[in-house]
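K.L.:
Give me the fold of what follows.
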Amino acid sequence: MIQISPEQKIYTQIRRICDELGYSVYDYQADSQAEFPFVILGEQFSQPFREHKDGRSKQVQTTIHVWHNDWRRRGTVSQIMREIELKVIDRFGVPAENINMQIIADDTTGSNLWHGILETDIKI
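P.N.:
Below is the predicted model of the structure:
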């Protein structure tokens, strides 16, 4: 029987949230043929903390990236991020202050893109 780590369970549930909301979601950098907007599940970090005697409690941070190529559609990026944020809050019981959001202009690819970054902090 394969054991799935708690971190992978969180990653999978966040991916499911994005799928349920109807967004194209990738675990890797989407190729140039990908249709905008899309979501990429990115970095994940975890730190143990002692909340119980068993010492198995962790805080897991997962970064969710939202990309859009239409410079006039910044609001779409913001809306997608808000929808994901609300579902993460609901699914994991995360307080809103445990989710950070930022939207930046990104021209590192030679195109003007909006890059939304959601950083979740989930206790398990």
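
K.L.:
Surely D121 is in a strand?
P.N.:
Yes. Counting by DSSP: H, G, I helix; E, B strand; the rest coil, one finds D121 located in a strand.

K.L.:
List the beta-bridge partners for it.
P.N.:
According to DSSP bridges, the residues that bridge with D121 are Q61.

K.L.:
do N100 as well
P.N.:
E119.

K.L.:
If you count neighbours, what's buried in the strand or helix carrying A105?
P.N.:
For A105, the host element (DSSP states H and E) is strand 99-106. By 16 or more other Cβ atoms under 10 Å, the buried positions in strand 99-106 come out as 99, 103. Using the backbone N, CA and C atoms, a C-beta is placed for each residue, glycine as well.

K.L.:
For the residue nearest the centre of the chain, which non-adjacent residue is closest in space?
P.N.:
Of all residues in the chain, the one closest to the mean position by Cα atoms, centre = their mean is I64, 2.2 Å from it. Spatial nearest neighbour of I64, excluding adjacent residues (Cβ to Cβ, 6 or more residues apart in numbering): L118 at 4.1 Å.

K.L.:
Quick check: the one you found vs N112, distance?
P.N.:
Applying Cβ to Cβ, to the nearest Å, the value for L118 to N112 is 21 Å.

K.L.:
Those two - which one has more neighbours?
P.N.:
L118 (23 against 11; other Cβ atoms under 10 Å).

K.L.:
Per-residue pLDDT of that one, please?
P.N.:
Looking at L118, its pLDDT reads 97.
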